[in-house]
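> only geometry, no sequence info:
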């Protein structure tokens with residue numbers, strides 16, 4: 001009986017009207033995956049938005065997966081490294097599972113095959129490298145890893161090494177993949193924060209904050225009482241998404257690929273929720 005009492009968990013409920021703190025405005029950007037063409041106009045829109053805002057704190061959170069699959073992985077990293085320190089904006093960069101795998105490959109070439117199976121080959125090409133023709137040859141992978149280490153600039157490597165796992169603002173918990181149900185948010189493992197999927201998505205267990213995440217793509221932004229999913233498969237769909245949070249307002253901002261170039265669109269996230277995410 002005592003052990004059952006000690007192991008009993010207090011039921012946690014998500015905030016009924018989640019909000020960022022007064023005086024704060026935040027934007028969270030979903031998985032970029034090498035689509036610099038979509039990222040540039042989205043950042044331009046956010047910079048214009050920030051310049052017009054009277055908020056005392058302005059925070060832009062990137063939810064990870066800057067690289068792989070799309071054509072301009074290195075260029076995305078270089079662009080993010082050079083974002084301007086203007087308008088008092090805090091640029092916050094989270095680590096995605098793709099960045100973790102790239103860093104693992106830099107330390108352990110045996111990770112190369114697995115990395116390239118889900119998009120790492122596109123990142124290598126952006127560095128003017130390619131996977132070895134004999135993929136089973138570890139020595140060949142070691143050469144590619146060494147070449148990639150050599151090509152990375154100090155700024156690019158510092159960017160990758162400094163990536164964060166989480167950001168918390170008011171009632172929102174920003175993370176790449178999600179969180180393990182039943183576990184307190186401050187006790188989550190790094191592995192789950194970057195990789196979790198089914199057990200997080202399929203659960204109805206709530207957290208004490210709304211989880212804002214990428215990692216799992218959907219055709220449209222997902223919003224419900226537990227989470228906001230911001231990955232709209234930019235590398236394939238041509239739609240890069242972000243969510244703007246101010247007070248208890250939630251607004252989607254998207255760059256949409258078109259025949260005449262990318263265009264920005266905005267809409268209240270309540271529309272997405274009304275459609276069931």
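Good, I have the coordinates. Note that the coordinates shown come from a computational prediction; the quantities given were computed from them, not determined experimentally.
> for residue 109, which residues are in contact?
Contacts for residue 109 (Cβ atoms under 8 Å, 6 or more residues apart in numbering) come out as 138, 141, 142, 144, 145. C-betas here are computed from N, CA, C, even on glycine.
> out of those residues, who's the most crowded?
Most neighbours among the contacts of residue 109, by other Cβ atoms under 10 Å: residue 141, with 23 neighbours.
> surely that residue touches residue 132?
Yes - if you go by Cβ atoms under 8 Å, residue 141 and residue 132 touch, sitting 6.2 Å apart.
> for the contacts of residue 109, which one is nearest residue 258?
Closest approach between the contacts of residue 109 and residue 258, by Cβ to Cβ: residue 144, at 36.4 Å.
> please identify the helix or strand for that closest one.
Take DSSP states H and E as the rule and residue 144 turns out to sit in helix 138-151.
> downstream of that helix, the next helix or strand is which one?
Note on helix 138-151: by DSSP H and E, the next helix or strand toward the C-terminus is helix 154-161.
> that next one - what's its average pLDDT?
What helix 154-161 shows for mean pLDDT is 97.
> who does whichever helix or strand comes after that helix touch, helix- and strand-wise?
Beyond helix 154-161 in the direction of the C-terminus, DSSP H and E gives the next helix or strand as strand 166-169. Strand 166-169 sits against strand 57-62, strand 172-175, with contacts defined as 3 or more Cβ pairs under 8 Å, 6 or more residues apart in numbering; DSSP states H and E.
> looking at the ones you listed, which one is packed in the most?
Counting by mean count of other Cβ atoms under 10 Å, strand 172-175 has the highest mean neighbour count of these, with a mean of 26.
> who touches that one?
Residues outside strand 172-175 that contact it (Cβ under 8 Å, 6+ apart) are 18, 20, 26, 28, 61, 63, 92, 94, 165-168, 179, 185, 188, 193, 207, 209-213, 245.
> helices - which of these land there?
Among the contacts of strand 172-175, the members found in helices (DSSP state H) are residue 193.
> give the buried subset of the contacts of strand 172-175 as a PyMOL selection command.
Of the contacts of strand 172-175, the buried ones go into a single PyMOL selection, burial set by 16 or more other Cβ atoms under 10 Å:
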select buried, resi 18+20+26+28+61+63+92+94+166+167+179+185+188+193+207+209+210+211+212+213+245
